[in-house]
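1. Just need the structure, nothing else, for what follows:
(one chain, ligands or ions: 1)
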Amino acid sequence: MRDTIYMDNAATSWPKPEETIKAMAEYFHSIGASPGRSGHRMSLDAGRIILDAREAVSELFGIENLLRVAFTKNATESLNIAISGLLKPGDHVITSSMEHNSVMRPLRLMEKRGVELSVIPCSSSGEMDPEDIARNIKKKTKAIYLTHASNVTGTIMPISETGKIARERGVIFCVDAAQTAGVIPINVEEMSVDILVFTGHKSLFGPQGTGGIYIAKGLEKEIDPIMTGGTGSRSEWEEHPDFLPDKYEAGTANIIGIAGLNAGIRFIRSVGMEIIREKEASLTAMLLEGLKSIPGVILYGCTDAEKQTAVVSFNISGLDASQVAMALDEEFNIMSRPGLQCAPAAHKTIGTFSAGTVRLSLGYFLEKNDVQSALIAVEKLTQRKKGDFL
Ligand code: ALA
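-> Below you'll find the predicted structure:
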């Protein structure tokens, strides 16, 4: 059987660097204990891993104080903290029409609880004009929630411009970096980001079950935790700590996961994020150009590798996305993700709701010949008719 061609990196990156796997195995072989709890040597060693990882995250995102980074189990948990922890009935918030359900669903829930929500329509290629955000800010606007890049089209959003507007107007700016952290540069100070949400298992090369949140100075006073409990700190208090990072880190940490995440970020640093981005962008350009030249392929998004991440959504005219994805898997050994990719609003924006698209999402460990194989496979599938699959 031919080697598997994994093109579902926007869901989870794979393979992981050996460094990630080694750090996780090493933790279990030689440490094993939980951090911040017991004070013995093994527990202190575990604590050092967490500290190391906090430092790695802070350096990556230009965060001055590493204690402002709290680890969570994923971007979804972080977004729930940033949304339900912050908003109160009567607040107004703004988001874009390209958001994933990890943003949209908590916001829709808050809407039911009396928060007013404005969804800024993006263009059919998924692009947003920051001036549309500016126009929608009103007196009671509390926050702007914006994805850094769409998980459907890869379109990179104008974060710096939006951050500038938010800062000028005194509105909290929260960025969902699930699709960009580790591959597109992020600096919370330069981009005026007040809350940064990230996941560990995509471009940061960590395992599933890891993620985190950065909260700007003082803002933690306004954001309630969504979970309280033991933190290993202030054990004499029956009330949950009000300081970072403990406020958002109740319960025993996913230390093995954080060990892997730490190694993943350090891998990025050793390779160089620009090198990773360049490779992904050049593979994306090759995929886009190839798909554009195949009759019967409909491409979505801005279709410009410089303006998007390594995420490419397409359809084959006359075929269902799920038929194409299944054939890619079964006949060509290519892993893709069909459907709505948990982002119905984005698909409404690009005109592919409710059928969805086939999404190929590339990663650093793929090569040109993999893209070539995908193009050959797609071209062959364009020769098929719907009935051929039954
Ligand atoms: N949000 C992830 C994806 O787009 C899970 O596949």
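2. Flag every residue of the stretch 101-250 of the chain that's near the ligand.
-> Applying C-beta under 6 Å from any ligand atom, we find that the stretch 101-250 of the chain lies next to the ligand at Asn151. Every residue, glycine included, has its C-beta placed from N, CA and C.
3. cutoff 8 Å now
-> 102, 151-152, 178-179, 202 (C-beta under 8 Å from any ligand atom).
4. Narrow those residues to those in helices?
-> The members of those that map onto helices under DSSP state H are Ser102.
5. residue boundaries of the strands in this structure?
-> Shown for the chain, the strands assigned by DSSP state E span residues 5-6, 69-72, 92-96, 116-120, 141-147, 172-176, 195-199, 211-215, 297-299, 311-316, 334-335, 337-339, 357-361.
6. farthest-separated two in the residues of the stretch 101-250 of the chain next to the ligand?
-> The largest separation in those, counting by C-beta to C-beta, is between Val152 and Lys202 at 14.5 Å.
7. Tell me which of those two has more neighbours.
-> Ranked by neighbour count (other C-beta atoms under 10 Å), Val152 and Lys202 place Val152 first, with 31 against 28.
8. Pop out the phi and psi values for the more buried one.
-> When read as degrees, to the nearest 10, the backbone of Val152 gives phi -100, psi -50.
9. For it, which residues are in contact?
-> 98, 126, 300-301, 311, 313, 341, 343, 346-347, 350, 357, 359 (C-beta atoms under 8 Å, 6 or more residues apart in numbering).
10. got those as JSON lines, with pLDDT and neighbour count columns?
-> As requested, those are exported to JSON lines (pLDDT from 0 to 100; neighbours: other C-beta atoms under 10 Å):
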{"residue": "Met98", "pLDDT": "98", "neighbour count": "32"}
{"residue": "Gly126", "pLDDT": "98", "neighbour count": "27"}
{"residue": "Tyr300", "pLDDT": "98", "neighbour count": "25"}
{"residue": "Gly301", "pLDDT": "98", "neighbour count": "26"}
{"residue": "Val311", "pLDDT": "98", "neighbour count": "25"}
{"residue": "Ser313", "pLDDT": "98", "neighbour count": "31"}
{"residue": "Gln341", "pLDDT": "98", "neighbour count": "23"}
{"residue": "Ala343", "pLDDT": "98", "neighbour count": "26"}
{"residue": "Ala346", "pLDDT": "98", "neighbour count": "31"}
{"residue": "His347", "pLDDT": "98", "neighbour count": "22"}
{"residue": "Ile350", "pLDDT": "98", "neighbour count": "23"}
{"residue": "Thr357", "pLDDT": "98", "neighbour count": "28"}
{"residue": "Arg359", "pLDDT": "99", "neighbour count": "26"}
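11. Quickly name whichever of those is closest to the ligand.
-> The nearest member of the contacts of Val152 to the ligand, counting by C-beta to the nearest ligand atom, is Gln341 at 4.4 Å.
12. For the closest one, list the residues it contacts.
-> Listed by C-beta under 8 Å, 6+ apart, the contact set of Gln341 reads 10, 100, 151-152, 347, 356-357, 359.
13. got a list of what Lys217 touches?
-> 65, 68.
14. now it: how far from Gly32?
-> Applying C-beta to C-beta, to the nearest Å, the value for Lys217 to Gly32 is 35 Å.
15. Just give me the neighbour total for the nearest residue to Glu367 once chain neighbours are set aside.
-> Nearest non-adjacent residue to Glu367, counting by C-beta to C-beta, 6 or more residues apart in numbering: Leu283, 7.9 Å away. By the measure other C-beta under 10 Å, the count of residues near Leu283 is 23.
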